[in-house]
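Colleague: When you get a sec, could you give me coordinates for this:
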Amino acid sequence: MNLFVGNVSRTATEEQLKALFERFGRVSSARIIKDRFTGEARGFAFVEMPSDEEGQAAIAGANGVELEGRPLRVNEARPRSDAPRAPRRDFRGGNGGSNGGYSGGNNRY
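Modeller: As a prediction, this is how the structure comes out:
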């Protein structure tokens, strides 16, 4: 069973997360999701447990437990949808690479 773990402290480690969830059964993996640009933790993680029974026990037992000073929120992870994602916005200014309407002063009316 794949579990979503929210409200994860930015100082928590995957080893701490794994140790916490091993109280409820075997843990296949524990991944803290990090920002791809900064490498900082984004505040949530995924824990995978091989059986549904162990996963349900972990949801009941770990939900609300404090790790590094923050109460965890534990739920069954929803599968990713196959729907296309909205394109990312370009925050560099302009319209996705345009010059923002400026044409270099060559506007002739």
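Colleague: Which parts of this structure are strands?
Modeller: Taking DSSP state E to define them, one finds strands in the chain at 2-6, 29-34, 41-48, 66-67, 70-71, 73-76.
Colleague: would you list these in CSV and tack on distance to A60?
Modeller: Every C-beta, even on glycine, is put in place using the N, C-alpha and C of the backbone. Formatted as CSV, those follow (distance: least, CB to CB, whole Å):
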stretch, distance to A60
strand 2-6, 11
strand 29-34, 18
strand 41-48, 14
strand 66-67, 16
strand 70-71, 15
strand 73-76, 9
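Colleague: burial of N7, as a residue count?
Modeller: 15 (other CB atoms under 10 Å).
Colleague: So what does it have for phi and psi?
Modeller: The phi/psi pair for N7 (degrees, to the nearest 10) reads phi 60, psi 40.
Colleague: how many other residues sit next to the residue lying closest to G55 once chain neighbours are set aside?
Modeller: Excluding its sequence neighbours, the residue lying closest to G55 (CB to CB, 6 or more residues apart in numbering) is M1, at 2.9 Å. Residues within reach of M1, counting by other CB under 10 Å, total 18.
Colleague: ditto for L67
Modeller: A total of 20 residues lie near L67 under the criterion other CB under 10 Å.
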